[in-house]
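Student: One predicted model, sequence on top.
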Amino acid sequence: MKSAFRKVSRIGSLTGGTKWYLSEDCLLAAKRTMYAVEYRRFYLRDLESVVVWPSRFWLWRLVLPGLLFAALGAALWQWATVGAIFVGVGLAWMAAELALGPTAAARIRTTGASVDLPLVARTRRASKVLAKIDAAVRAARGGGEQPTAPVTSAQAAEPILQASSEAPSGTVSIADATQTNGS
């Protein structure tokens, strides 16, 4: 039996990580921390925005270990081979971080909530994941955009609006509002 969910992204950490799955009607986040798993479901019809941006701490991830290895290598330079190895590891770390690009942070906004969860590990992969989510949102919203009982004329909506002394004079019926909004 084929699963309805397909994996879109995975972000690992020392204590767990987050896996993102996509189905026909929802985006599912499975956040694992040690032995516990927390699931969050975001329905595609309710998604307002998914935003990914470069994390502001990604330079620290680049510079701090590189400088640490370089300083350790300089301190151990009296043993030339050991010092050169540590300096080389520090430079390789910095080069690898630069090649991978900035780390990413993400925010998912739905109709009722805003959640900050990592969607991708690096920003260079974000366009692929966001394209998959966008295609799924368009597919989920594409079929159900038409109202189930469309009002065909303004005459049908007229009896709903009744003049009374309590109603303000500028009151418009819901049917008239949906006709002017284009849905």
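Tutor: Great, that's in hand.
Student: Can you point out the buried residues in stretch 103-115?
Tutor: T103, A104, A105, A106, I108, T110 (16 or more other C-beta atoms under 10 Å). Glycine gets a C-beta too; all of them are placed from N, C-alpha and C.
Student: average pLDDT across it?
Tutor: Averaging pLDDT along stretch 103-115 gives 88.
Student: Show the end-to-end separation of it, please.
Tutor: Stretch 103-115 has an end-to-end distance of 18 Å (criterion: C-alpha to C-alpha, to the nearest Å).
Student: for stretch 96-114, same thing?
Tutor: First-to-last residue span, stretch 96-114, C-alpha to C-alpha: 33 Å.
Student: chain center to that stretch: distance?
Tutor: Distance, stretch centre to chain centre, for stretch 96-114: 7 Å (C-alpha atoms, centre = their mean, to the nearest Å).
Student: Export the buried residues of stretch 103-115 as a markdown table, with columns for secondary structure and distance to D25.
Tutor: Rendered in a markdown table, the data for the buried residues of stretch 103-115 read as follows (DSSP: H, G, I helix; E, B strand; the rest coil; distance: C-beta to C-beta, whole Å):
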| residue | secondary structure | distance to D25 |
| --- | --- | --- |
| T103 | strand | 30 |
| A104 | strand | 25 |
| A105 | strand | 26 |
| A106 | strand | 21 |
| I108 | strand | 16 |
| T110 | strand | 13 |
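Student: from memory A139 sits against S23, does it?
Tutor: No. If you go by C-beta atoms under 8 Å, A139 and S23 don't touch, sitting 11.0 Å apart.
Student: more neighbours, these two?
Tutor: In terms of neighbours (other C-beta atoms under 10 Å), S23 is the more surrounded of A139 and S23; the figures are 15 against 12.
Student: Packing partners of the lengthiest helix in the chain?
Tutor: Ranked by number of residues, the top helix in the chain under DSSP state H is helix 80-100. Contact here means 3 or more C-beta pairs under 8 Å, 6 or more residues apart in numbering; DSSP states H and E; on that basis helix 80-100 packs against helix 58-75.
Student: Show me how the record splits the chain into domains.
Tutor: As given by automatic domain parsing, the domain ranges for the chain are 6-55+102-142, 58-100.
Student: quick one: which of those domains has the weakest pLDDT on average?
Tutor: Among these, domain 58-100 scores lowest, with a mean of 79.
Student: which stretches of the protein form helices?
Tutor: Going by DSSP H, the chain shows helices at 58-75, 80-100, 126-142, 154-157, 174-181.
Student: Fine by me, thanks again.
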